[in-house]
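# what follows is a protein structure lacking sequence information:
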Ligand SMILES: Nc1ncnc2c1ncn2[C@@H]1O[C@H](COP(=O)(O)OP(=O)(O)OP(=O)(O)O)[C@@H](O)[C@H]1O
Ligand SMILES: Cc1cn([C@H]2C[C@H](O)[C@@H](COP(=O)(O)O)O2)c(=O)[nH]c1=O
């Protein structure tokens, strides 16, 4: 496995991305791999502030284009401040969500169009795509039930969208996986945590 790789974890709500990312990062670090973990929206001081604005449940009036632009703005800052420097330093970057979240949630869920949202992101970060993306595929009803079962997890403005919205996001992810088969690798996120860790680890080992 080479080191300076940009790896993203994607998928619907409650699919296990954050949980598994932590476990995988520990496993890779034990193997001596120098890596940085991060997340979107967020990952830097300014981007975390933008995250707070986007996800605030009280901001119900937020326009879809404003939302897409805020995600792209947060990504631009996160990318120049944290991701690119880590890659330049030869580190692996494991990022919880990235551009595919915008293509699916804003492009399809909000109906702005995948190409339109992609173009906003090209302005923000250029044509940069991850080297490898792990797609945690799960029925959104199961993911939302997982989140709701854990009362310590704060429910955000996107979580409370309709099941139909979350189903359209899941379908959009699967379409992206068809479009980018070399980059996007699907795992069955309905399995238990140990099983999902094994699937993800296998993908990273074989695809890097
Ligand atoms: N494979 C699994 N089986 C059952 N529960 C799981 C599994 N993976 C994670 N969970 C639990 O589901 C909940 C959501 O997991 P997690 O926060 O990792 O998901 P996520 O994909 O990062 O969600 P979000 O994108 O909405 O933040 C947590 O309580 C976690 O412990
Ligand atoms: C990066 C990104 C995220 N989203 C959505 C997806 C989730 O509903 C929230 C982030 O919450 P999480 O608990 O950290 O997963 O934001 C989006 O709609 N577009 C994006 O580009």
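Done, it's in. Just so we're clear, the structure is a prediction, and the values are computed from it rather than from any experiment. Ligands and ions are numbered 1, 2, ... in the order given.
# what does the protein have sitting close to ligand 2?
Applying Cβ under 6 Å from any ligand atom, we find that the chain lies next to ligand 2 at 13, 39-41, 71, 97, 101-102, 105-106, 156, 158-159. For every residue, glycine as well, the C-beta is placed using N, CA and C.
# buried only: go through those residues for me.
13, 39-41, 71, 97, 101-102, 105-106, 158-159 (16 or more other Cβ atoms under 10 Å).
# out of those, who's nearest ligand 1?
residue 13 (3.7 Å; Cβ to the nearest ligand atom).
# per-residue pLDDT, that closest one?
Looking at residue 13, its pLDDT stands at 96.
# separation between the closest residue to it other than its chain neighbours and residue 181?
In space, and not counting its chain neighbours, residue 13 is closest to residue 143: 4.7 Å by Cβ to Cβ, 6 or more residues apart in numbering. Remark: distance between residue 143 and residue 181 (Cβ to Cβ, to the nearest Å) = 24 Å.
# comparing these two, which residue is more hemmed in?
For residue 143 versus residue 181, neighbours defined as other Cβ atoms under 10 Å are more numerous around residue 143 (23 against 10).
# and that one, what is it in contact with?
11-15, 166, 189 (Cβ atoms under 8 Å, 6 or more residues apart in numbering).
# quick one: average pLDDT of whatever helix or strand it lives in?
Assigned by DSSP states H and E, residue 143 belongs to helix 140-149. Taken as a whole, helix 140-149 carries a mean pLDDT of 94.
# ok, residue 47 touching residue 78?
Yes: between residue 47 and residue 78 there is a contact under Cβ atoms under 8 Å: 4.4 Å.
# what sits in contact with each of the two?
40-41.
# of the two, who's got more company?
A count of neighbours by other Cβ under 10 Å puts residue 78 above the other of residue 47 and residue 78, at 27 against 24.
# SS state for that one?
Classification of residue 78 using DSSP: H, G, I helix; E, B strand; the rest coil returns helix.
# now do the one 4 residues further on
Assigned by three-state DSSP, the conformation of residue 82 is helix.
# contact partners for it?
36, 38, 43-44.
# residue 29 too?
Residue 29 touches residue 35, counting by Cβ under 8 Å, 6+ apart.
# format the contacts of residue 82 as CSV; extra columns: secondary structure.
Shown next, in CSV, are those (three-state DSSP):
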residue, secondary structure
36, strand
38, strand
43, coil
44, coil
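# helices or strands up against the longest helix seen in the chain?
Identified as the longest helix of the chain according to DSSP state H is helix 163-179. Judged by 3 or more Cβ pairs under 8 Å, 6 or more residues apart in numbering; DSSP states H and E, the packing partners of helix 163-179 are strand 132-137, helix 140-149, strand 184-188.
# repeat the analysis, applying 10 Å as the threshold.
strand 6-10, helix 99-101, helix 114-125, strand 132-137, helix 140-149, strand 184-188 (3 or more Cβ pairs under 10 Å, 6 or more residues apart in numbering; DSSP states H and E).
# lovely, talk soon.
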